[in-house]
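Visitor: Structure for this input, please:
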Amino acid sequence: MIDIKWIRNDPERVKENIRKKFQDEKLPLVDEVCDLDRQFRDAKAQGDTLRSQRKMISKQIGALMGLGKKDEAEAVKAQVQGIGEQLEAIEKKEAKLTERIREIMLVIPNFIDDSVPIGRNDMENVEVERFGEPAVPDFSVPYHVEIMESLHGIDIDAARDTSGNGFYYLCGDIARLHSSILAYVRDFMIEKGFTYYIPPFMIRSNVVTGVMSFAEMEGMMYKIEGEDLYLIGTSEHSMIGKFIDQILPESELPKTLTSYSPCFRKEVGAHGIEERGVYRIHQFEKQEMVVICKPEESMAWFEKMYHYTVEFFRSLDIPVRTLECCSGDLADLKVKSIDVEAWSPHQQKYFEVGSCSNLGDAQARRLGIRVKAQDGTKYFAHTLNNTVVAPPRMLIAFLENNLNEDGSIRIPTPLQRYMFTDVIRVD
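Guide: As a prediction, this is how the structure comes out:
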């Protein structure tokens, strides 16, 4: 959510940003907010004037009663009552205007950074850099589920019977590998100076609307029936929500947090759920990183954060590339975003395994997360989030890139202390 002052002072800049995101249907909302804001400020001025009048006139009542001028006092009381009725009507109008203004402000997109490439959708995202050499071995690399099944590590059919499409059982060495990767990434991020968290897996609606757009919420979140609670789609939701309505001392910034959680997603939309595969599913686990910092530091943190993901994947011998998200592919709250994609020898192409986003002060403004400077002034913090690793997509990349010709799986050195072996063998 942007500062309404931008719409008051420079509505054309707001409209130009909307055009860059190819959301022209939202252009009329800027003019509507301008009009509603003028009405609100007029109503507030009227209300302030009436409150001042009521306060001044009310003082006369006691004085008149003290002089025995009861009839005059009653007349003044009636005048005060009349002002009160006018004020009540104005306050109702203010509340109605405030509600509508907030509704619109929540769907007007955040300002994108000047460095963001302009494009309509993810087909126009721009490759930034490659790390490691993408290779295709001399032998055939099977589909990832076939690799897991050859190691007796997955049961999708049983999960479909218990839960439907988009779920799976992991077992044996594949389940151990999954847990080992999460243990390794936990320690990896702690060594980078991040504080480890396991957050609540359910959050209230005011946190949901604070951390994401309505469009994302509708397509992602599962609501708990009869409760004001939603299952999280990523631990970022809980971690940013942790600071709702707080004023943070500037000396405590940056807050650098890394969090583990299961994630639950509807996955409504064009991509859908895979019948046989674990790339797009309803339930998975993830290690996230979250930074809350001063505005002038957020872009430097953005660079650091996605490079941590690159470093982690490269430590496990997985080639990756970074992809800059174009304007039309950015969610409304995001200022800038870079996806990390891993190489798939089976598909012979890269696929997304994580995303790093700078949200500026959009989430902080929605959630009331402010910073108190040493001079006493207050301002909204900047928030950033980044996927460090999200099994099972990591499992797909790991298994394909570490597959041996005999079907066994090589375990890179950093993971061996968690797996207690250097290879997973086919029985």
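Visitor: As a check, name the ranges of all strands in the stretch 301-427 of the chain.
Guide: In the stretch 301-427 of the chain, strands defined by DSSP state E, counting those that start in this stretch lie at 320-324, 336-344, 349-358, 370-372, 378-380, 382-389, 409-410, 423-424, listed in chain order.
Visitor: List the strands paired with the second one, with their directions.
Guide: To tie it back to what came earlier, the one meant is strand 336-344. strand 320-324 (antiparallel), strand 349-358 (antiparallel) (DSSP bridges).
Visitor: Now it: average pLDDT?
Guide: Per-residue pLDDT over strand 336-344 has a mean of 97.
Visitor: mind starting the numbering at 25 from now?
Guide: Taking 25 as the first residue, the last one we looked at is strand 360-368.
Visitor: per-residue pLDDT, residue 292?
Guide: We have a pLDDT of 57 for residue 292.
Visitor: Same check on residue 414?
Guide: 92.
Visitor: I'd guessed residue 267 sits against residue 391; true?
Guide: Yes: Residue 267 is within contact range of residue 391, at 7.0 Å (criterion: CB atoms under 8 Å). Any C-beta I mention is one placed from the backbone N, CA and C, and that applies to glycine too.
Visitor: ok, and the helix or strand in this structure with the lowest average confidence?
Guide: helix 238-244 (a mean of 74; mean pLDDT, DSSP states H and E).
Visitor: what pairs with the very next helix or strand once past that one, and is each one parallel or antiparallel?
Guide: Downstream of helix 238-244, the next assigned helix or strand under DSSP states H and E is strand 246-247. Taking DSSP bridges as the criterion, strand 246-247 forms sheet pairs with strand 254-255 (antiparallel).
Visitor: And the next helix or strand after the partner strand, how far out from the chain middle?
Guide: The C-terminal neighbour of strand 254-255 among helices and strands, as given by DSSP H and E, is helix 259-265. Relative to the centre of its chain, helix 259-265 is centred 8 Å away, using CA atoms, centre = their mean, to the nearest Å.
Visitor: Turn the strands paired with strand 360-368 into a markdown table, columns for distance to residue 188.
Guide: Converted to a markdown table, these look like this (distance: least, CB to CB, whole Å):
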| stretch | distance to residue 188 |
| --- | --- |
| strand 344-348 | 32 |
| strand 373-382 | 24 |
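Visitor: Out of the ones you listed, flag the one nearest residue 216.
Guide: Closest to residue 216 of the strands paired with strand 360-368 is strand 373-382 (CB to CB; 14.1 Å).
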